[in-house]
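# Next come a sequence and a model predicted from it.
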Amino acid sequence: MAAIKSHAPHGILPSQDYRALAKAGAIAARAKLRDDQIQPASIDLRLGARAWRVPAGFMPGPNATVADKLKLLAMHTLDLAKGAVLERGCVYIVELAERLKLPKDIAGTANPKSTTGRLDIFTRLLCDRAREFEKVPAGYKGPLYLEVSPRTFSILVRAGQTLNQLRLRRGEPAFDDDALAALDKELHLVFSPEEKRERADIGRGLWISIDLEGPDGDLIGYRARRNTPLVDLSKIGHYDPAEFWEPIRRTKPRALILNPDDFYILVSREKIRVPHGYAAEMVPYDTSVGEFRVHYAGFFDPGFGYGDSEIQGTRAVLEVRSHDVPFLLEHGQIVGRFVYEKLTSVPDRIYGRGIGSNYQRQTLKLAKQFKG
């Protein structure tokens, strides 16, 4: 596709701006930033050398630092430089390698990485004196921490690995439904499973539905097994999915009942695209469509759904967990929405194979640690 040029004063920062901020000292770490940390519209944040087991997650609040809270709550310290196991159902606070010294007009929002979400690892970014999780206030100066709680699998992690990412923005980019409809008319954001142009369902963002027919046969999803082996995050394409996941097959009603205590990997019916001058985020939890969380890793980068051969969109893999009560999903039912935002300029790297993106041509795909 032709690159979309934008010079808006407000918007999400592109890849080249993260390198510029690092060079200026606004993003700093003892170890030099790796090139593969820079994504088209975000930066991956590395785990530092120390983690603390805590009895519960917490919010620092306006009068305390994270270190202040850890003095009161830390149960023991883990050395991530040597590698450490984070046990399922436990809560940990991990210091991140990166520190920030942001300009006054730049703020941030964090999210788990795709692989983190697909392993059901719950993460939340913490700043000193924070009032909100996953938010970095404009002009923030100080360390960063990550709350980590593996929900389904115990995991082995090491310093330098990345579980979450930070998306920086200047100002509050305005992009309403009218602008989204115009963008869809111009560049075609949504395609059917057959890669035919579909009209976008727009209302407070772009809505997507669930596929319970099966993108490649009768397999419609996976349900995580209980009491599985440990997952070492450094082992790529290593584990047999059958040890960790129960396949879910299509049924005649084309429906699925979500059990509240279970974790599912499902997929959208639609194929979605994110143009090069834009980024998107999926709203993970929206009670207007049901009491369930549909996505943990919500960032979608510029170029998602394009690729070298101009593929007609890519499905969204969904990490689904029902809340409180069983919930019935039916094929084609609306389950979530994408919110699009402009970038301040087109990034110098685009999501895809060229930068090692793992999920560009995904259908129903597990985390990269599993075979297949």
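Arrived safely.
# how about the strands of the stretch 151-300 of the chain, start to end?
155-157, 162-170, 190-191, 206-209, 219-224, 231-232, 245-249, 255-258, 264-272, 278-282, 292-293, 299-300 (DSSP state E, counting those that start in this stretch).
# any weak-confidence spans in the protein?
For the chain, applying pLDDT under 70 flags the ranges 1-8, 285-291, 297, 308-311, 353-362.
# ok, 80 please
For the chain, the stretches flagged by pLDDT under 80 are 1-9, 173-174, 284-293, 295-297, 307-311, 352-363.
# Could I get the strands of the stretch 151-300 of the chain in a markdown table, plus columns for distance to Thr314?
To be clear about C-beta, it is placed using only N, CA and C from the backbone, and glycine gets the same treatment. Formatted as a markdown table, the strands of the stretch 151-300 of the chain follow (distance: least, Cβ to Cβ, whole Å):
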| stretch | distance to Thr314 |
| --- | --- |
| strand 155-157 | 27 |
| strand 162-170 | 18 |
| strand 190-191 | 9 |
| strand 206-209 | 12 |
| strand 219-224 | 17 |
| strand 231-232 | 25 |
| strand 245-249 | 21 |
| strand 255-258 | 22 |
| strand 264-272 | 6 |
| strand 278-282 | 12 |
| strand 292-293 | 21 |
| strand 299-300 | 9 |
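# Mind checking those for the one nearest to Lys82?
Across the strands of the stretch 151-300 of the chain, Lys82 has its closest neighbour in strand 155-157 (10.9 Å, Cβ to Cβ).
# For Arg315, grab the count of nearby residues.
Per other Cβ atoms under 10 Å, the neighbour tally for Arg315 reads 23.
# Quick check: it is in a strand.
Yes: counting by DSSP: H, G, I helix; E, B strand; the rest coil, one finds Arg315 located in a strand.
# Helix, strand or coil: sort out His368 for me.
Not His; residue 368 is Lys. Taking three-state DSSP as the rule, one finds Lys368 in the coil state.
# quick revisit: could I get the strands of the stretch 151-300 of the chain as TSV with mean neighbour count and distance to Gln39?
TSV is the format used below for the strands of the stretch 151-300 of the chain (neighbours: other Cβ atoms under 10 Å; distance: least, Cβ to Cβ, whole Å):
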stretch	mean neighbour count	distance to Gln39
strand 155-157	21	20
strand 162-170	23	6
strand 190-191	22	23
strand 206-209	22	21
strand 219-224	20	26
strand 231-232	20	23
strand 245-249	15	27
strand 255-258	17	31
strand 264-272	23	18
strand 278-282	26	10
strand 292-293	20	23
strand 299-300	26	8
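# For Arg124, find the nearest of those.
Closest among the strands of the stretch 151-300 of the chain, using Cβ to Cβ: strand 162-170, at 8.5 Å.
# of the strands of the stretch 151-300 of the chain, which approaches His323 most closely?
Of all these, strand 292-293 sits nearest to His323, with 6.0 Å by Cβ to Cβ.
# got the contact list for that closest one?
Contact with strand 292-293 is made by Leu258, Pro284, Tyr285, Glu319, Val320, Arg321, Ser322, His323, Phe327, Val335, as judged by Cβ atoms under 8 Å, 6 or more residues apart in numbering.
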